[in-house]
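Enquirer: need a structure here:
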Amino acid sequence: VMDATEQKTLEGRVAQAQKMEAVGNLAGGIAHDFNNVLTAIIGFSDLLLQTHRPSDPAYRDIKNIQSAANRAAGLVKGLLGFSRKQTQRVSVFNLGELTSDMLPVLKTQCGEKIELKTHSERDLWYVRADSDQLYQVILNLVRNARDAMPNGGKLTINTRNVTERESQKMRDVVGFKPGEYVLVEVADTGTGMSPEVMAKIFEPFFTTKGVGKGTGLGLASVYGIVKQSGGFIQPESEIGKGTSFKIFLPRHFVEEGEEVATAMPETIAAAKKQLKATDLTGTGRVLLVEDEVEVRQFAVRALKRQGYQVLEATDGVEALEIMAENEGKIDIVVSDVVMPEMDGPSLFKELRKRNPSIKVIFVSGYPNEAFRESMHSDDFAFLPKPFSLPQLAAKVKEELAK
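Expert: Just a heads-up that it's a prediction; the model follows:
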């Protein structure tokens, strides 16, 4: 029988979970609209940069606009992480290998005052998740731990298996389902948090840091990524003693012939470097389908500048009319997902009926793993908004080369 205190605690946890879900849905919707706006800002600033030399006074102003837009894009990415609507590139990997590969980065983040120790259980089970996102999760938790120990301290990262029997001890915890898990725990000997602060740590834009020292999206995106990965996060903290975050990710049973990835995710810097080194010009006829006027204008000009012939449509219905008028003459379709009249998925089905081999790239400010599943097909490429001129041109060139 549950006493009044337990009942009140349970009701509080359920209410908090419902509140987080509601805020998450709102955040996801806002993020979608912002990504369209940011695509236009980043895109047009790319076009402007091409008309100015680095020595021009306006060049630095344009770079500052682009820098601010990219920072805003980072905030939006955090919102999408919290709302569990980020695109996931799922692979099977060993979580212990990931933390081991991250050590040089983590040591740099911690500095000399903090003693960093990691331990991984032998014969660790595999997990199936997005290694790039879990890299960000661990990095965010380590940064938070570092900031909680301004005078130094000890930071430990442990990974181990959790049997179903052990997980049964947590069966009364709201939102936790007993089962087999791989646990990664990030623990510090920092200042700790009060129960009042603990109740709000996963809310977007909540931060205890000073103005300009944090957006408050770090832990919100950690929460969203863990949830989207089918996992569970359990924070524990005591004032003056420190804080720990336990992340439980479901054990993945590797099937025969299933590929196991090396844990280290492809870094964003490497991807950017690759873009700069590549010749982005190309030939071919592109049909661009986008209902947002500014995004469409930028994308059309960007692709024409790279050497492509571009036809444009504002929705799926108009796109099909253009396809019919140019039968066999269009090499690739670049389309938004959410549009009036006819959306991206409906257009994709119609395109496949008429031309089974047509290449398609979807662009969206509301990327979602469920979108790919709802398509019942993997035979298309995806470019999340906001994207830059080099990213769009590189994607089109890459797909046409296949």
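Enquirer: pLDDT below threshold where in this protein?
Expert: Residue ranges of the chain with pLDDT under 70: 1-29, 75, 78-88, 204-218, 262-278, 366-374, 376.
Enquirer: any chance you could map the strands in the stretch 251-400 of the chain?
Expert: For the stretch 251-400 of the chain, the strands defined by DSSP state E, counting those that start in this stretch cover 285-289, 309-313, 332-336, 359-364, 381-384.
Enquirer: which non-adjacent residue is nearest residue 315?
Expert: Distance criterion C-beta to C-beta, 6 or more residues apart in numbering; nearest residue to residue 315, sequence neighbours excluded, is residue 341 at 4.1 Å. (C-beta placed from N, C-alpha, C; glycine too.)
Enquirer: could the strands of the stretch 251-400 of the chain be laid out in TSV, adding mean neighbour count?
Expert: Below are the strands of the stretch 251-400 of the chain laid out as TSV (neighbours: other C-beta atoms under 10 Å):
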stretch	mean neighbour count
strand 285-289	23
strand 309-313	18
strand 332-336	24
strand 359-364	22
strand 381-384	17
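Enquirer: Of those strands, which is nearest residue 74?
Expert: Distance to residue 74, taken as C-beta to C-beta, is lowest for strand 381-384 among the strands of the stretch 251-400 of the chain, at 13.1 Å.
Enquirer: Name the next helix or strand downstream of the host helix or strand of residue 96, please.
Expert: Counting by DSSP states H and E, the element that carries residue 96 is helix 95-110. Next in sequence after helix 95-110, counting helices and strands by DSSP H and E, comes strand 114-120.
Enquirer: Show me what that next one is packed up against.
Expert: Judged by 3 or more C-beta pairs under 8 Å, 6 or more residues apart in numbering; DSSP states H and E, strand 114-120 is in contact with helix 95-110, strand 153-162.
Enquirer: Give the buried residues for the helix or strand that the shortest one is followed by.
Expert: If I follow you right, that is strand 153-162. Where DSSP H and E defines the elements, the next helix or strand beyond strand 153-162 is helix 164-167. Within helix 164-167, the residues scored as buried using 16 or more other C-beta atoms under 10 Å are residue 167.
Enquirer: Including distance to residue 70 and mean neighbour count, could the helices and strands packed on strand 114-120 go into JSON lines?
Expert: Formatted as JSON lines, the helices and strands packed on strand 114-120 follow (distance: least, C-beta to C-beta, whole Å; neighbours: other C-beta atoms under 10 Å):
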{"stretch": "helix 95-110", "distance to residue 70": "20", "mean neighbour count": "17"}
{"stretch": "strand 153-162", "distance to residue 70": "29", "mean neighbour count": "19"}
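Enquirer: can you tell which of these is closest to residue 290?
Expert: In terms of C-beta to C-beta, the element of the helices and strands packed on strand 114-120 nearest to residue 290 is helix 95-110, at 36.7 Å.
Enquirer: any idea how far that closest one is from the chain center?
Expert: Computed by C-alpha atoms, centre = their mean, to the nearest Å, the chain-centroid distance of helix 95-110 equals 20 Å.
Enquirer: okay, the angle between it and strand 114-120?
Expert: Per axes from the mean of the first three to the mean of the last three C-alpha atoms, to 10 degrees, the angle that helix 95-110 makes with strand 114-120 is 180 degrees.
Enquirer: quick one on the thing from earlier: count the residues that sit near the residue nearest to residue 315.
Expert: Neighbour count of residue 341, defined by other C-beta atoms under 10 Å: 13.
Enquirer: swap in residue 47?
Expert: By other C-beta under 10 Å, 15 other residues sit near residue 47.
Enquirer: Skipping its backbone neighbours, what lies nearest it in space?
Expert: Excluding the flanking residues, the one nearest residue 47 by C-beta to C-beta, 6+ apart is residue 301, at 6.0 Å.
Enquirer: With distance to residue 231 as new columns, can the strands of the stretch 251-400 of the chain be given to me in CSV?
Expert: Shown next, in CSV, are these (distance: least, C-beta to C-beta, whole Å):
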stretch, distance to residue 231
strand 285-289, 36
strand 309-313, 41
strand 332-336, 31
strand 359-364, 25
strand 381-384, 22
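Enquirer: re the thing from before, out of the helices and strands packed on strand 114-120, which comes closest to residue 119?
Expert: For residue 119, the closest of the helices and strands packed on strand 114-120 is strand 153-162, at 5.0 Å, according to C-beta to C-beta.
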